[in-house]
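A.B. asks: Sequence isn't available, so here's the structure alone:
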């Protein structure tokens, strides 16, 4: 169930629906109905240029840099309609390119940075990935050791990042680097923009349990980037990094409740097919999962209300991340229990995404659910572990005292 909007807003919704009807095949079932190669080709080669041409690729950005110049409410409606129809909101790396670093450059960047980077993100000339986590600094990001030293007109970057999602497709990376080793750990960090296509940057794929390699280790050895490619102040990168994480978590409030409700409907259908829906143990767990999806929808609406009122994302967004990731772990465990012995063997296509629920249109078979189960476990770790989210909420939202150091 979606919230009710004004007549003017519903006219915009009709415009989006017309765009989708005009540009999608008549037999469209959702991006999840395509095999991985077809889905990648559709999203990046067919769909992304159409979005850019119509101002839907970066809907919140000003039109002069290639965005849509849409209002906050129009952005929400666009996201709702795309999710309901099962189409991507951009190419494979646009969550990093547009939602994360693009929005951050808009917020913190100089006019020169905006005019240089933003149009190249829209055109697809620059494809981005994220350089935050390290082997010894994951959720405790302030403990990072990757360093950058100024050498004339260039920063020289040395160190390692890990879990670089979709780094194999990127030609730029935004990197948190320690630029003052004497400063307290959160104060000596800078936010750098670095080209990947150079000898000093090496991406090494990490093979997952599924056999796929969606993320990488990234090694910097005398890697270089221009002196001007610092977003925000030198040694002031922590504030920039937190702004980016707010965009990463806050804007999902419009789409994720729809995504997880679609998945819930798919699970109920599976339970009926397997004749498990009348069994008390399964019926109770299905009912509990349905309740939790509804709570997620209400949490999302609260976040959206703040967004529509101009409220900037902040530490309270950790509540939404904690909630959906812990929920998804439980509901995918339920799915495998409903499948029973069938969950021991892959049947049908594997999950078409490594994040959140499987894509709309995916088959209701074990391959999809096993992939979603793997992803759900990862969801409690990436973008800040559940333990760290609880610390953020306790200390920064509830005002509880910090955990004493041992």
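C.D. replies: Noted; the coordinates are in hand. Because the structure is a prediction, the values reported are computed rather than measured.
A.B. asks: what about the stretch 251-400 of the chain, any weak spots by pLDDT?
C.D. replies: Applying pLDDT under 70 to the stretch 251-400 of the chain picks out residues 251, 312-313.
A.B. asks: sorry, that was for the stretch 51-200 of the chain
C.D. replies: Along the stretch 51-200 of the chain, segments meeting pLDDT under 70 span 138-139.
A.B. asks: Now residue 274: closest residue in space, sequence neighbours ignored.
C.D. replies: Closest residue to residue 274 apart from its sequence neighbours, by C-beta to C-beta, 6 or more residues apart in numbering: residue 338 at 5.6 Å. C-beta: built from backbone N, CA, C; applies to glycine.
A.B. asks: What's the local residue count around the one you found?
C.D. replies: Neighbour count for residue 338, taken as other C-beta atoms under 10 Å: 24.
A.B. asks: Which phi and psi values does it adopt?
C.D. replies: Dihedral pair for residue 338: phi -70, psi -40, per degrees, to the nearest 10.
A.B. asks: Check residue 351 too.
C.D. replies: phi -60, psi 140.
A.B. asks: That one touches residue 376, doesn't it?
C.D. replies: No. Applying C-beta atoms under 8 Å as the test, residue 351 and residue 376 come out as separate, 10.3 Å apart.
A.B. asks: ok so, going back, list the residues that contact the residue nearest to residue 274.
C.D. replies: The neighbourhood of residue 338, defined by C-beta atoms under 8 Å, 6 or more residues apart in numbering, consists of 267, 270-271, 274, 276, 282.
A.B. asks: hmm, try it at 10 Å
C.D. replies: 267-268, 270-277, 279, 282, 285-286, 369 (C-beta atoms under 10 Å, 6 or more residues apart in numbering).
A.B. asks: Over to residue 218?
C.D. replies: Shown in contact with residue 218 (C-beta under 10 Å, 6+ apart): 129-131, 133-134, 146, 159-164, 167, 170, 173, 175, 194, 196, 201-204.
A.B. asks: which ones among those residues are found in strands?
C.D. replies: Applying DSSP state E to the contacts of residue 218, the entries found in strands are 129-131, 159-162, 173, 175, 194, 201-204.
A.B. asks: And the strands in the stretch 201-350 of the chain, which stretches?
C.D. replies: For the stretch 201-350 of the chain, the strands defined by DSSP state E, counting those that start in this stretch cover 201-206, 215-226, 230-231.
A.B. asks: can you give me the offset of the shortest one from its chain's centre?
C.D. replies: Relative to its parent chain, strand 230-231 has a centroid offset of 22 Å by C-alpha atoms, centre = their mean, to the nearest Å.
A.B. asks: Okay, now the sheet partners of that strand, with direction.
C.D. replies: Strand 230-231 pairs in its sheet with strand 189-195 (antiparallel), by DSSP bridges.
A.B. asks: max-length helix in the chain?
C.D. replies: helix 280-308 (DSSP state H).
A.B. asks: Can you list the helices and strands that that helix packs against?
C.D. replies: Judged by 3 or more C-beta pairs under 10 Å, 6 or more residues apart in numbering; DSSP states H and E, helix 280-308 is in contact with helix 72-85, helix 237-250, helix 256-273, helix 318-339.
A.B. asks: The ones you listed: which one's closest to residue 97?
C.D. replies: Ranking the helices and strands packed on helix 280-308 by their distance to residue 97 (criterion: C-beta to C-beta) puts helix 237-250 first, at 12.1 Å.
A.B. asks: what is the mean pLDDT for that closest one?
C.D. replies: Average pLDDT, helix 237-250: 74.
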